[in-house]
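# sequence isn't available, so here's the structure alone:
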């Protein structure tokens with residue numbers, strides 16, 4: 001399928017990739033913006049190695065997801081293959097610079113990224129404040145994913161490729177970009193943060209209950 005069959009991408013004169021292309025290129029992997037990922041990787045590994053599922057989740061979001069959504073998705077810088085993937089997945093990113101999606105990406109990079117690192121550091125050191133960071137970060141992640149999905153639903157799914165209504169399970173584009181990326185992966189950023197929030201709330205409740213019990217004994 002040519003990108004000319006996808007109206008939003010047809011507006012980009014220099015976008016000449018077939019939408020069914022499944023290869024992988026190394027073009028623009030030397031972009032200076034990629035150093036952000038390297039820096040966050042080194043910083044997190046210097047802080048410590050994650051040993052739990054929550055630790056891996058925070059590590060993954062800190063090193064990859066939050067910087068990627070902003071630098072590659074909204075700014076359009078980085079490996080050309082991934083920049084093209086964001087354009088195909090959702091033209092609300094760098095193609096059209098859709099206000100709601102751009103705002104979410106800016107919050108991810110300038111607020112969520114440093115907060116997730118603080119959460120990661122507190123988690124590895126087993127500091128009680130980790131639960132505060134967890135509640136704030138996970139609430140923001142879930143809210144961002146919900147706003148991202150709801151906005152596209154209200155727009156009639158016009159920014160993602162080959163989706164009619166009701167959507168079917170036919171074709172490479174629908175299976176990959178709609179069902180797997182848009183539906184399944186975005187759902188994870190609601191389900192997993194919700195689970196972590198419940199766990200953190202229970203841990204905080206236990207900590208405060210123990211402290212109140214100690215005060216009553218005194």
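Everything's here; your move. Every value quoted in this text rests on a predicted model; they were computed, and no experiment measured them.

# going by C-alpha atoms from here, please, whenever you check contacts or count neighbours.
Noted.

# please tell me the pLDDT value assigned to the residue most central in space within the chain.
Centroid-nearest residue in the chain: residue 65, 4.4 Å away (criterion: C-alpha atoms, centre = their mean). Confidence at residue 65, expressed as pLDDT, is 94.

# any idea which helix is longest in this structure?
helix 186-217 (DSSP state H).

# how far does that helix sit from the chain's center?
Here helix 186-217 is found 23 Å from its chain centre; the criterion is C-alpha atoms, centre = their mean, to the nearest Å.

# other SSEs contacting that helix?
helix 130-154 (3 or more C-alpha pairs under 8 Å, 6 or more residues apart in numbering; DSSP states H and E).

# what residues does the helix it packs on touch?
Contact with helix 130-154 is made by 100-101, 104, 112, 115-116, 118-120, 122-123, 158-159, 182, 186-187, 189-191, 193-194, 196-197, 200-201, 203-204, as judged by C-alpha atoms under 8 Å, 6 or more residues apart in numbering.

# what of stretch 30-41?
62-64, 67, 71, 77-79.

# please pick the buried ones from these.
Applying 16 or more other C-alpha atoms under 10 Å to those, the neighbour count classes 62-64, 67, 71, 77-79 as buried.

# quick revisit: residues of the longest helix of the chain that come out buried?
186-187, 189-190, 193-194, 196-197, 200-201, 204.

# can you list those residues in JSON lines and add distance to residue 51 and pLDDT?
Listed next are those as JSON lines, based on distance: C-alpha to C-alpha, whole Å; pLDDT from 0 to 100:
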{"residue": "186", "distance to residue 51": "24", "pLDDT": "93"}
{"residue": "187", "distance to residue 51": "24", "pLDDT": "95"}
{"residue": "189", "distance to residue 51": "20", "pLDDT": "95"}
{"residue": "190", "distance to residue 51": "22", "pLDDT": "96"}
{"residue": "193", "distance to residue 51": "18", "pLDDT": "96"}
{"residue": "194", "distance to residue 51": "20", "pLDDT": "96"}
{"residue": "196", "distance to residue 51": "16", "pLDDT": "95"}
{"residue": "197", "distance to residue 51": "19", "pLDDT": "94"}
{"residue": "200", "distance to residue 51": "17", "pLDDT": "90"}
{"residue": "201", "distance to residue 51": "21", "pLDDT": "89"}
{"residue": "204", "distance to residue 51": "21", "pLDDT": "84"}
